[in-house]
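1. show me how the following folds:
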Amino acid sequence: MDRRAELIGAIIVEIDRIFGKGCFDGDDSQYEWLLANYGVTEEADVQWQQICEYERSEIPEDQYEEDELEALYTWLEDDAAVHAFLEGMLKQYRAGSAVYSSQR
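-> Take a look at the predicted model:
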């Protein structure tokens, strides 16, 4: 397994641990909680989603201006940059033990 896939899998395990399997919807209250408890911003989560979309060849190209799309692909194709981002995100998730309760 390549390093990118390994990191993505490890992050998915952490997200499932924190929110419950398939229960992270990305609503405002979840993002506020995630930032307060893990220091993960909505912007970082968007980057995370872009990485996952790229891996599935599902980048919604019509949602980006041409220069934005070019910059996004440049970043997504830079293994060192993406690995560093994913490793940082994984470290943030593993640093905490809080579990989100949907009963907020």
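
2. show me the helices in the chain, by range?
-> For the chain, applying DSSP state H gives helices covering 3-19, 28-38, 42-55, 66-76, 79-94.

3. check the nearest residue to residue 10 once chain neighbours are set aside and give its pLDDT.
-> Distance criterion C-beta to C-beta, 6 or more residues apart in numbering; nearest residue to residue 10, sequence neighbours excluded, is residue 90 at 5.5 Å. Where you see a C-beta, it was placed from the backbone N, CA and C, and this is true even at glycine. Looking at residue 90, its pLDDT reads 98.

4. for residue 90, what are its contacts?
-> With contact taken as C-beta atoms under 8 Å, 6 or more residues apart in numbering, residue 90 is in contact with 7, 10-11, 14.

5. close enough to count as contact, residue 24 and residue 15?
-> Yes: at 5.6 Å, residue 24 counts as touching residue 15 under the criterion of C-beta atoms under 8 Å.

6. higher neighbour count, these two?
-> With neighbours defined as other C-beta atoms under 10 Å, residue 24 and residue 15 compare such that residue 15 has more, 21 against 16.

7. what about that one, distance to residue 35?
-> 14 Å (C-beta to C-beta, to the nearest Å).

8. check residue 87 too.
-> Applying C-beta to C-beta to residue 87 and residue 35 gives a distance of 19 Å.

9. next: residue 58.
-> Distance, residue 58 to residue 35, using C-beta to C-beta: 26 Å.

10. more crowded one of the two?
-> Taking other C-beta under 10 Å, residue 58 and residue 35 do not tie; residue 35 has more neighbours (14 against 9).

11. so that one sits against residue 41, correct?
-> Yes: contact criterion C-beta under 8 Å: residue 35 and residue 41 qualify, at 5.8 Å.

12. this completes my enquiry, with thanks.
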